[in-house]
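In: Need a 3D model of the sequence below.
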Amino acid sequence: MLHTPEAKELPTFATFVDDEWLPVYPAKAGNKQTTIREVTSHLKIHLKPFFGSTRLDKIDARTLDKFVAHMSKKMIGKPAATRTSRNGTLAAPRPMKPKRIKNVLGTLHSVLMTAHEWGTLAALPKFPKVKASLPDFDFYNSTEVHQLLAAARDAEDRAILMFACYTGARAGEQLALEWTAVDTRSKIVSFSR
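Out: The predicted structure is shown next:
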């Protein structure tokens, strides 16, 4: 009688996340606390309720398509008893935006990619494409820039605000800026970090 080795039983999504991935991956990847909070929220609110009892190898393209369809129908907002709009009327729940669905899928992809890299999962499923439009950017006009600068507490704050307004630099880019990135002759600032 031939003895055939038994196939290794793969963990469920929730077991893998709770026992292996979450204690190691987000911190190992050097994520900021805000990113770790967002990932934890994705897992708790969306991913574990949908995939929790599913074995990792059973998460396939069809299951992912069902998940995206489920997320697209999901309504978000506060519970009806506490939901009010700015003018005091009852605010209706709103559908989940494609950008949030993409972010949740990104968290799921990170979990499954790690399972694959660690040898727990043999292959990654094909992830569906979710189209998310770019947000409308609202830039200050010259009047608003002058009002903002006039409201600055002191000359240093005014200089920081002026630099941000005229270069479009975000706070992190301003903090990482070095003098070598400023060309005063050409009046060019290069942001590389």
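In: where's residue 27, which helix or strand?
Out: Residue 27 belongs to helix 22-28 when elements are defined using DSSP states H and E.
In: Same check on residue 132?
Out: Using DSSP H and E, no helix or strand contains residue 132.
In: was I right about it contacting residue 99?
Out: Yes - contact criterion Cβ atoms under 8 Å: residue 132 and residue 99 qualify, at 4.3 Å. Any C-beta I mention is one placed from the backbone N, CA and C, and that applies to glycine too.
In: State the mean pLDDT of whichever helix or strand comes after the helix holding residue 27.
Out: Using DSSP H and E, the helix or strand that follows helix 22-28 in sequence is helix 33-42. Averaging pLDDT along helix 33-42 gives 89.
In: related to what we said a few turns ago, now do the buried residues in the helix holding residue 27.
Out: Neighbour-count burial for helix 22-28, counted by 16 or more other Cβ atoms under 10 Å, picks out 22, 25-26.
In: Please render the residues you listed as CSV that adds distance to residue 165 to the earlier fields.
Out: CSV is the format used below for the buried residues of helix 22-28 (distance: Cβ to Cβ, whole Å):
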residue, distance to residue 165
22, 41
25, 38
26, 35
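In: and of those residues, the nearest to residue 70?
Out: Closest approach to residue 70 among the buried residues of helix 22-28 (Cβ to Cβ): residue 22, at 22.3 Å.
In: residues contacting that closest one?
Out: 40, 43 (Cβ atoms under 8 Å, 6 or more residues apart in numbering).
In: Let me know the pLDDT of it.
Out: So, for residue 22, pLDDT stands at 88.
In: so how far is residue 29 from it?
Out: Distance of residue 22 to residue 29, computed by Cβ to Cβ, to the nearest Å: 12 Å.
In: gap between the two ends of stretch 125-138?
Out: 38 Å (Cα to Cα, to the nearest Å).
In: Stretch 121-132 too?
Out: Using Cα to Cα, one end of stretch 121-132 lies 29 Å from the other.
In: again, but for stretch 50-62
Out: By Cα to Cα, one end of stretch 50-62 lies 14 Å from the other end.
In: Great, nothing more from me.
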